[in-house]
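Chemist: Give me a model of this one.
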Amino acid sequence: MHVMPLHLSIGIDEHNAFVLYAFCEPQNLVLPIQIPERLIDIGTRLLGSPTPVYYDDPHELGRELGSVLYPIEVQDLMERAAALALRSKRRVQIQLQIAVPELAALPWEWATIATSQPWAPARSDDFPVVRHSAVASPAPTIVVEGPLRVLVCVGEADSDALRLLHSLWSVEIAQQRIS
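Modeler: Model (predicted):
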């Protein structure tokens, strides 16, 4: 079955206010949203924590995330998308893209609309939730003085991976740019 993407993105506008962008054929929404300070605090803690963060009430967190991610306008868009997907023999896939680092750390997949049953990790089998990361441009090339030493560990002495590495780097090795 083919997918009909419902893209939800949270970002910041030119006035430093949070904005929810929702795109699903044939409609696009741009909605100003309020992010509760508690969610920003949790996200900031998650972003800087090397250890797991535990939640007092994950269901409540899911409801809070849902109130941000699924305002009534998005719920209406979801219903229209579901009807269109059914007619075109597709299924809706909710695609999340969170452009604010402290918000991206939050478990948005837990977001729920209904207060009685949490989503974990999606609304239903017909509305799977996936994350999309921003595509970053590659870092600029860095000029390095002298030969570059590369340590490569390969499981077998006569492996395809070793032959591939040798073929990729043979010129650099011959010119002693890599040793």
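
Chemist: So which bits of the longest strand seen in the chain are buried?
Modeler: If you go by DSSP state E, the chain has its longest strand at strand 2-12. Within strand 2-12, the residues that count as buried by 16 or more other C-beta atoms under 10 Å are 4-6, 8-11. (C-beta placed from N, C-alpha, C; glycine too.)

Chemist: Turn those residues into JSON lines, including distance to L47 and pLDDT.
Modeler: Formatted as JSON lines, the buried residues of strand 2-12 follow (distance: C-beta to C-beta, whole Å; pLDDT from 0 to 100):
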{"residue": "M4", "distance to L47": "32", "pLDDT": "87"}
{"residue": "P5", "distance to L47": "27", "pLDDT": "90"}
{"residue": "L6", "distance to L47": "26", "pLDDT": "91"}
{"residue": "L8", "distance to L47": "20", "pLDDT": "93"}
{"residue": "S9", "distance to L47": "19", "pLDDT": "93"}
{"residue": "I10", "distance to L47": "15", "pLDDT": "94"}
{"residue": "G11", "distance to L47": "17", "pLDDT": "92"}
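
Chemist: Shouldn't F23 be within a strand?
Modeler: Yes: judged by DSSP: H, G, I helix; E, B strand; the rest coil, F23 forms part of a strand.

Chemist: Roughly how far does the closest residue to it other than its chain neighbours sit from L77?
Modeler: Closest residue to F23 apart from its sequence neighbours, by C-beta to C-beta, 6 or more residues apart in numbering: H7 at 4.4 Å. According to C-beta to C-beta, to the nearest Å, H7 stands 11 Å off from L77.

Chemist: domain assignment for this structure?
Modeler: Domain assignment for the chain by automatic domain parsing gives 2-131, 145-179.

Chemist: now, of these, which is deepest in the fold?
Modeler: Comparing the domains of the chain by mean neighbour count (mean count of other C-beta atoms under 10 Å), domain 2-131 comes out on top with a mean of 15.
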